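In: With the input below, show me the fold.
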Amino acid sequence: MLHIALKMLFGDMGKYLGIVVAIALSSIIMIQQPAILVDILSQTYGAISDMDLPDIWVMDPKVQSIEDSKPMQDTQLYRVRGVSGVEWAVPFFKGGQKVRLENGETAQCQMNGLDEATLIGGPAVMLEGNLADLRIPDAVIVDEAGAKGRLAMRTAEGTPIPVKLGDILEINDKRAQVVGIARSTPSFMSQPVIFTTYARAKTFAFSERKLLSFVLAKAKPDERPENVARRITAETGLAAYSAEEFKDKSLNHIIEHTNILVNIGFVVVIGFVVGTAVTGQIFYNFTLDNLRYFGVFKAMGATDSMLTRMILLQAFLVGFVGYGLGAGLSAAFMAASAGGMGPQPKMTWQLLAGSGGAVMLIVALAAMLSARRVLKLESAVVFKA
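Out: A predicted model of the protein is given here:
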């Protein structure tokens with residue numbers, strides 16, 4: 001009987017393809033939109049993830065996220081170093097700066113100032129140049145996305161000319177020479193990221209009394225970062241978090257104070273609802289077209305459980321095929337767009353499992369609707385015609 005169910009399904013190729021396409025399109029929406037959301041949210045703590053060495057972040061108590069730095073006095077660095085359990089602590093500058101290109105155009109950038117001695121907090125991957133070149137006078141390193149995007153100059157035809165080693169930038173009327181191109185996680189605001197030393201960042205920045213954005217610290221091997229962070233808070237009055245705690249705090253701040261989760265969630269819900277409606281309608285019509293065959297099966301002694309299994313087989317088969325097609329197209333699109341500007345969708349196994357479960361729920365609802373019609377069918381009605 002199950003074999004007959006498959007012959008019935010493939011015998012109506014038009015409706016079969018219609019259901020598969022509807023499920024595939026619904027799958028693409030439910031995969032791609034959350035994948036973009038995952039990438040955008042990961043950017044909220046990208047600067048923290050890029051730094052493997054520091055496991056404690058110290059900041060002003062009013063700071064809500066990595067993008068919300070509030071400067072402190074440099075003397076706070078020495079107070080943190082004096083706390084028991086701290087192996088080392090270094091300064092870190094993070095702030096926005098306006099950069100003027102050689103052709104006179106300007107771009108707003110994110111500047112990171114690193115400790116001169118250790119260069120802790122530097123970019124994750126160097127594509128050109130060396131991190132140690134930051135010790136050269138006026139040296140800066142530019143992230144790859146910024147070098148190819150907002151900091152790139154344009155020809156008369158509009159063709160971008162990426163920033164290269166040796167190019168000169170102007171930051172607050174001060175000369176800056178590009179000595180490296182790096183790859184790092186984009187900031188949440190998608191601004192170009194410029195790396196330099198802490199002392200040089202202070203000269204680039206506007207004249208202010210407080211310029212220390214964060215203190216990056218490392219707990220001793222026999223200490224837990226969370227415990228040391230609590231100790232720093234108690235002894236200095238500053239806010240201190242482990243790296244993982246600061247990631248969660250930054251992520252929660254963005255979720256609570258923006259509507260990005262609601263907007264993308266709404267699109268996903270629409271994809272689910274439309275997929276359910278279209279799939280259910282086409283599959284129900286397919287069942288109605290084959291109602292006489294189900295009536296014959298009932299007259300021949302087929303039980304309700306057997307007929308239900310036939311419908312479930314048809315529904316879940318088109319579900320698996322449609323979901324596989326949608327997931328494959330989504331993966332191909334993500335691979336084709338990898339390395340470009342803007343959000344980079346990230347496909348995770350949790351995302352695939354969640355979207356797959358949603359698709360199976362869609363086909364299960366469609367199957368229940370169709371099975372209800374078949375189980376109410378009186379077999380005698382078939383022979384009256």
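In: For the nearest residue to Leu325 once chain neighbours are set aside, grab phi and psi.
Out: Among residues not flanking Leu325 along the chain, Ala24 sits closest, at 4.2 Å (Cβ to Cβ, 6 or more residues apart in numbering). To be clear about C-beta, it is placed using only N, CA and C from the backbone, and glycine gets the same treatment. Phi and psi for Ala24, reported as degrees, to the nearest 10, are phi -60, psi -40.
In: ok, Ala24 - how many residues close by?
Out: 21 (other Cβ atoms under 10 Å).
In: I'd assumed Gly319 was in contact with it.
Out: No: counting by Cβ atoms under 8 Å, Ala24 does not reach Gly319; the two are 10.4 Å apart.
In: Give me the phi and psi for Ile66.
Out: Taking degrees, to the nearest 10, you get phi -60, psi -30 for the backbone angles of Ile66.
In: need the contact list for it.
Out: Contacts of Ile66 were listed using Cβ atoms under 8 Å, 6 or more residues apart in numbering, and they are Thr44, Tyr45, Ala47, Ile48, Lys94, Phe246, Ser250.
In: Run a quick neighbour tally on the residue lying closest to it once chain neighbours are set aside.
Out: Once flanking residues are discounted, Ile66 sits nearest to Ser250: 4.8 Å by Cβ to Cβ, 6+ apart. Neighbourhood size, Ser250 [other Cβ under 10 Å]: 26.
In: Is Ser250 in contact with Gly46, as I believe?
Out: No: the criterion here is Cβ under 8 Å, and Ser250 misses it with Gly46 at 9.5 Å.
In: Neighbours of Leu317, how many?
Out: Neighbour count of Leu317, defined by other Cβ under 10 Å: 18.
In: What is the host helix or strand of it packed up against?
Out: Using DSSP states H and E, Leu317 maps to helix 304-337. Contacts defined by 3 or more Cβ pairs under 8 Å, 6 or more residues apart in numbering; DSSP states H and E place helix 304-337 against helix 2-11, helix 13-42, helix 260-289, helix 291-299, helix 349-375.
In: Reformat the ones you listed as JSON lines; add distance to Cys109.
Out: Supplementary listing: the helices and strands packed on helix 304-337 in JSON lines, determined by distance: least, Cβ to Cβ, whole Å:
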{"stretch": "helix 2-11", "distance to Cys109": "57"}
{"stretch": "helix 13-42", "distance to Cys109": "20"}
{"stretch": "helix 260-289", "distance to Cys109": "23"}
{"stretch": "helix 291-299", "distance to Cys109": "66"}
{"stretch": "helix 349-375", "distance to Cys109": "32"}
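In: Just name the most buried of these.
Out: Comparing the helices and strands packed on helix 304-337 by mean neighbour count (mean count of other Cβ atoms under 10 Å), helix 13-42 ranks first with a mean of 21.
In: what's that helix packed up against?
Out: The contact analysis (3+ Cβ pairs under 8 Å, 6+ apart) places helix 13-42 against helix 243-257, helix 260-289, helix 304-337, helix 349-375.
In: could you redo the last one with a cut-off of 10 Å?
Out: helix 2-11, helix 243-257, helix 260-289, helix 304-337, helix 349-375 (3 or more Cβ pairs under 10 Å, 6 or more residues apart in numbering; DSSP states H and E).
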